[in-house]
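Undergrad: Any chance you could fold what I've pasted below:
(one chain, ligands or ions: 1)
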Amino acid sequence: MITHNDKTLSLESRVVLSDKHTMPQLGLGTWRSESKQLQNIVKEAILNCGYRLIDTAWIYENEQEIGNGIHEALEQSQGKIKREDLFITTKLWNQHHAPDDVEWALRDSLKKLRLDYVDLYLIHWPVAFKNMPGNTSSQSEDEKTRYFNENVTLTDTWKAMEKLVDLKLTRSIGVSNFSQSEIDELFKIARIKPVVNQIELHPYFNQHNMREYCAKHNIAIMSYSPLSNLKRETERDEDVSSLYNPVIQDIAKSKHKSTAQIIIRWHLQNGLIVIPKTVTLERLIENFEVFDFALSDNEMRQIDRLGETHRRRLVNPSFRLSNKPVFDD
Ligand SMILES: NC(=O)c1ccc[n+]([C@@H]2O[C@H](COP(=O)([O-])OP(=O)(O)OC[C@H]3O[C@@H](n4cnc5c(N)ncnc54)[C@H](OP(=O)(O)O)[C@@H]3O)[C@@H](O)[C@H]2O)c1
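TA: Numbering: from 1, shown residues only. Predicted structure coming up:
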């Protein structure tokens with residue numbers, strides 16, 4: 001069992017990665033962020049709230065707005081905040097897994113982000129699509145099956161990722177949505193080891209096994225969908241999101257904090273990197289005000305137990321490779 005409970009956290013808390021670079025523990029997620037608001041939210045996050053980590057992906061189609069937001073923040077800080085103070089993560093999309101496409105994909109992201117390098121580049125999913133126009137995630141399942149590229153292996157893609165470090169286009173490389181066996185495959189050939197696995201992780205899906213595996217292999221975990229706030233149209237908030245859980249509500253009430261702040265703090269005290277997404281200024285501020293209180297061991301345990309009683313994976317795309325689901329749980 002993971003027993004980590006770090007109560008000595010601060011705004012400056014950083015995680016040391018296995019390649020010796022460090023990264024901030026709390027950042028901003030940007031999936032499904034309305035582009036109109038995003039540029040301003042990124043600027044506010046960096047300039048006025050203290051965020052230093054921004055997470056995006058080529059497929060989110062928002063790197064341009066993020067690049068503009070970063071640019072504005074640095075400019076308006078008048079030299080007080082520098083590029084090297086920031087930690088920017090983006091991701092290789094499934095259709096760019098072929099080794100010849102990997103460098104193009106990162107250069108395309110960099111151009112949109114208006115950066116010379118990113119701090120961390122992740123393989124977004126352990127699934128290769130053929131590189132064809134429009135071959136993105138928005139297709140029907142049938143079409144997706146047709147467009148899979150079974151000739152490209154994860155190890156081919158990883159070798160191309162390593163070259164990006166050599167070219168200084170990214171400082172660190174890692175993976176997302178990878179299983180233990182897929183990471184084991186990379187370890188067999190890796191010259192540069194994956195420093196991060198970005199995975200769905202929240203009180204209702206606490207990934208204990210993966211956390212133990214990553215701790216053993218010195219891989220940092222980035223918790224995605226950390227607030228588990230991803231309800232579908234027919235679902236009720238209360239049934240899906242730990243933001244409405246009575247145990248967490250009670251803890252929040254006793255600490256005069258919001259449930260989001262309790263959940264974010266739970267991630268941090270577990271030593272996880274956490275990237276809650278918001279395009280609302282009040283929530284952007286709220287989600288960063290998590291350094292003036294601590295959860296006791298007992299409160300941490302109460303939240304841990306929700307993973308057994310309410311276990312639920314929220315992000316589970318219909319990608320199939322050789323008719324094998326991406327996730328086998
Ligand atoms: N690697 C991957 O495959 C993958 C998959 C999913 C996500 N991610 C990354 O992880 C990030 C976070 O995950 P997510 O966006 O899925 O979900 P999340 O951060 O768990 O939840 C975001 C939702 O919660 C709301 N919210 C934010 N702060 C809140 C607060 N203080 N109180 C109440 N509601 C609040 C947001 O609404 P408003 O925006 O309206 O405030 C939004 O609807 C993503 O944005 C992305 O960067 C990666």
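
Undergrad: use CA for all of it now, contacts and neighbours both
TA: Fine.

Undergrad: residue contacts, L53?
TA: 23-28, 86-89 (Cα atoms under 8 Å, 6 or more residues apart in numbering).

Undergrad: Out of the residues you listed, grab the one that's most surrounded.
TA: L26 (30 neighbours; other Cα atoms under 10 Å).

Undergrad: For that residue, list each beta-bridge partner.
TA: Beta-bridge partners for L26, by DSSP bridges, are V274.

Undergrad: how far away is it from the ligand?
TA: L26 sits 11 Å away from the ligand, going by Cα to the nearest ligand atom, to the nearest Å.

Undergrad: same deal with Q76?
TA: From Q76 across to the ligand, the span is 24 Å (Cα to the nearest ligand atom).

Undergrad: Check whether the nearest residue to that residue once chain neighbours are set aside sits in a helix, strand or coil.
TA: Distances taken as Cα to Cα, 6 or more residues apart in numbering place L47 nearest to Q76, at 7.7 Å, with adjacent residues excluded. Secondary structure, DSSP: H, G, I helix; E, B strand; the rest coil: L47 is helix.

Undergrad: Let me know the pLDDT of L47.
TA: Listed pLDDT for L47 reads 98.

Undergrad: residue ranges with poor pLDDT in the protein?
TA: Applying pLDDT under 70 to the chain picks out residues 1-7, 134-146, 318-326, 328-329.

Undergrad: on that earlier part again, looking at the contacts of L53, which is nearest I59?
TA: Closest approach to I59 among those (Cα to Cα): T89, at 12.9 Å.

Undergrad: That closest one contacts I123, correct?
TA: No: taking contacts as Cα atoms under 8 Å, T89 lies outside contact range of I123: 11.0 Å.

Undergrad: how about the residues of this structure near the ligand?
TA: For the chain, the residues in contact with the ligand (Cα under 6 Å from any ligand atom) are 29-31, 55-56, 124, 176, 198, 224-229, 260, 275-280, 283, 286-287.

Undergrad: Mind giving me the PyMOL command for buried ones among these?
TA: To isolate the buried subset of those in PyMOL, counting by 16 or more other Cα atoms under 10 Å, use the following:
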select buried, resi 29+30+31+55+56+124+176+198+224+225+226+227+228+229+260+275+276+277+278+279+287
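
Undergrad: rewinding a little: keep only those of the contacts of L53 that are in strands.
TA: Judged by DSSP state E, the contacts of L53 include 23-24, 27-28, 87-89 as members of strands.

Undergrad: okay, the residues you listed in JSON lines with distance to D292 next?
TA: Shown next, in JSON lines, are the ones in strands among the contacts of L53 (distance: Cα to Cα, whole Å):
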{"residue": "M23", "distance to D292": "21"}
{"residue": "P24", "distance to D292": "17"}
{"residue": "G27", "distance to D292": "17"}
{"residue": "L28", "distance to D292": "19"}
{"residue": "F87", "distance to D292": "23"}
{"residue": "I88", "distance to D292": "26"}
{"residue": "T89", "distance to D292": "27"}
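
Undergrad: Which stretches in this structure count as helices?
TA: With helices called from DSSP state H, the chain shows them at 35-44, 63-76, 99-113, 141-147, 154-166, 180-189, 208-216, 237-240, 246-255, 259-269, 281-286, 297-309.

Undergrad: Flag every buried residue along the shortest one.
TA: Which is helix 237-240. Neighbour counts over helix 237-240 (16+ other Cα under 10 Å) mark 237, 240 as buried.

Undergrad: Identify the residues contacting stretch 84-104?
TA: In contact with stretch 84-104 (Cα under 8 Å, 6+ apart) are residues 23-24, 52-59, 105-106, 109, 118-132, 135-136, 152, 154, 156-157, 159-161, 164.

Undergrad: dump the residue contacts of the closest residue to E185 other than its chain neighbours.
TA: In space, and not counting its chain neighbours, E185 is closest to T155: 7.1 Å by Cα to Cα, 6+ apart. Residues in contact with T155 (Cα under 8 Å, 6+ apart) are 185-186, 189.
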